[in-house]
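K.L.:
got a sequence here, can you model it:
(chains A and B)
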Amino acid sequence: MHKVLKTILLVDDDEVTNYINAENLRALNVAKTINICNDGKEGLSYLQNALAKIGDASKAGEVPNLIFLDINMPEMDGFEFLEAYSKLENPDLDEVVIVMLSTSLREEDVNRAQLFSSIVYDYIEKPLTQEVALHVMGKYFQLSPTNNG
Amino acid sequence: MDNKLLDENVVAQFSSQQVHTYFMMYMKNAKSLIDNIQKDLDGNDLNALRQRAHKLKGSSMVVGASSIKELAHEIEDLARENKPISQDQVGRLQSNYQSLSELLLQRYNISL
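P.N.:
Take a look at the predicted model:
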């Protein structure tokens, strides 16, 4: 059994991928809110705004528990996002799980992702099926006897 | 040809409403990407072409548009390696798009 998260953030430049991924995640009821950003720059901006609202109870929960991050995106790709994310150095991000998604498991990308092993929890080949999503939830957000969402 | 156009295992996971919604969205985006890939080829903009091919590969994968996915992947790899991309390859992308469009109409009554 896994927790129901407050927020999952999808960062991908493909509208079709984001739409279907969000539908799959909603169908699984793994999070109360699914938010979408269309590239790394938007994703970073979203996080900065969410962090700024931490003290605002009405906006609580916008900092995602889980980020599914594409690699190849315009403006700011996945690795550039991780570089910028690392520099945020905000303790409210300490428990955020980042899972990178890619259409291929190219060695150079996997190796590059490992440079961010302190913040990237997993590197998964697309598509983000319901089966894969449940695997991620079970692996990183398992319910324990003392926390049930 | 029909079997290569669509991965039925992927499509089988969608409800009939989802098939309509997903493929309407996909085909609109794919048309734009393929049209722009042609322009990128004509203008010899390999970087833009590679990015568009990558995006087309990703969205094709998620809806099960197998042959378009494979063609986009081939083109992406060639562009990444700075190898020449032929008009024939882009032409096949266009013809596979057309064939998929016809298949979607026949099988799922999806009219683009």
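K.L.:
alpha carbons only: can I get stretch A:26-42 in PDB?
P.N.:
As requested, C-alpha coordinates have been extracted for stretch A:26-42 and formatted as PDB (Å, rounded to 0.1, in the frame of the first residue of the first chain):
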ATOM      1  CA  ARG A  26      -5.600  10.400 -11.500                       C
ATOM      2  CA  ALA A  27      -7.100   7.000 -12.300                       C
ATOM      3  CA  LEU A  28      -4.800   5.500  -9.700                       C
ATOM      4  CA  ASN A  29      -5.700   8.100  -7.100                       C
ATOM      5  CA  VAL A  30      -2.100   8.400  -6.100                       C
ATOM      6  CA  ALA A  31      -2.300  12.200  -5.500                       C
ATOM      7  CA  LYS A  32      -4.800  14.800  -4.700                       C
ATOM      8  CA  THR A  33      -3.300  17.200  -7.300                       C
ATOM      9  CA  ILE A  34      -1.400  16.600 -10.500                       C
ATOM     10  CA  ASN A  35       0.300  19.700 -11.900                       C
ATOM     11  CA  ILE A  36       2.000  20.100 -15.200                       C
ATOM     12  CA  CYS A  37       4.900  22.200 -16.400                       C
ATOM     13  CA  ASN A  38       6.000  22.200 -20.100                       C
ATOM     14  CA  ASP A  39       9.800  22.500 -19.600                       C
ATOM     15  CA  GLY A  40      12.400  22.800 -17.000                       C
ATOM     16  CA  LYS A  41      12.100  26.600 -16.800                       C
ATOM     17  CA  GLU A  42       8.400  26.400 -16.000                       C
END
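K.L.:
all helices for chain A, in order.
P.N.:
With DSSP state H as the definition, chain A shows helices at residue ranges A:15-28, A:40-52, A:78-88, A:107-114, A:130-140.
K.L.:
hmm, I typed the wrong one, I wanted chain B.
P.N.:
In chain B, helices defined by DSSP H lie at B:2-5, B:8-11, B:16-42, B:46-63, B:66-80, B:87-108, listed in chain order.
K.L.:
comparing the helices of chain A by mean pLDDT, which bottoms out?
P.N.:
Taking each of those in turn, the one with the lowest mean pLDDT is helix A:107-114, at a mean of 89.
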